[in-house]
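Undergrad: model this:
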Amino acid sequence: MKKAIADTIRKQIMAMTDDELIAFALDKPAAKPKLRSKPAATQAAEPDDDEEQQRVWTTLNKEQRGLSSGELALMCVISQPRLRTVLKRLVAAGQAFVHGERKFARYAVSAEMAEHASLLAQGKQPGEGS
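TA: This is a model prediction of the structure:
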């Protein structure tokens, strides 16, 4: 009986990866396997980053007023998390500007426009300061 158990354990150990074997020896849970990247079919279904950036920038330019991220998400038909990434890139590139924080954050193609919209969202008149 002991021999059968020992043989089974040997087979299981031989099938282990290095990380699993070390975790087993140290009596720790094995590291979780790394997630694979999305299959090519899924990647092709997602819109191109440049296309999304262009769509968001075009919307901002067309509206000629400061917009909240919620308004932009609806107008551009894009998810909030994805929009956040696109907006960060546009702001970093100097193609869009943001003023305000959280629910008062407004995005526009000029800093003045973004500030004006943010102040209005806060119930302040532009010129009152922040």
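Undergrad: mind giving me the domain ranges of this structure?
TA: 1-34, 49-121 (automatic domain parsing).
Undergrad: take those domains and write them to JSON lines, including mean pLDDT and mean neighbour count.
TA: From N, CA and C alone the C-beta is placed, and that goes for glycine too. Putting those into JSON lines (pLDDT from 0 to 100; neighbours: other CB atoms under 10 Å) gives the following:
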{"stretch": "domain 1-34", "mean pLDDT": "70", "mean neighbour count": "10"}
{"stretch": "domain 49-121", "mean pLDDT": "87", "mean neighbour count": "16"}
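Undergrad: how about the strands in the chain?
TA: 97-99, 106-108 (DSSP state E).
Undergrad: direction included, what does the first one pair up with?
TA: The sheet places strand 97-99 alongside strand 106-108 (antiparallel), with pairing taken from DSSP bridges.
Undergrad: so what's the gap between the partner strand and the chain middle?
TA: 19 Å (CA atoms, centre = their mean, to the nearest Å).
Undergrad: could you do stretch 107-124 as well?
TA: 24 Å.
Undergrad: swap in stretch 83-100?
TA: 13 Å.
Undergrad: who touches that stretch?
TA: 49, 52-53, 56-57, 60, 66, 69, 72-73, 76, 78, 105-111, 113-115, 117-119, 121-122 (CB atoms under 8 Å, 6 or more residues apart in numbering).
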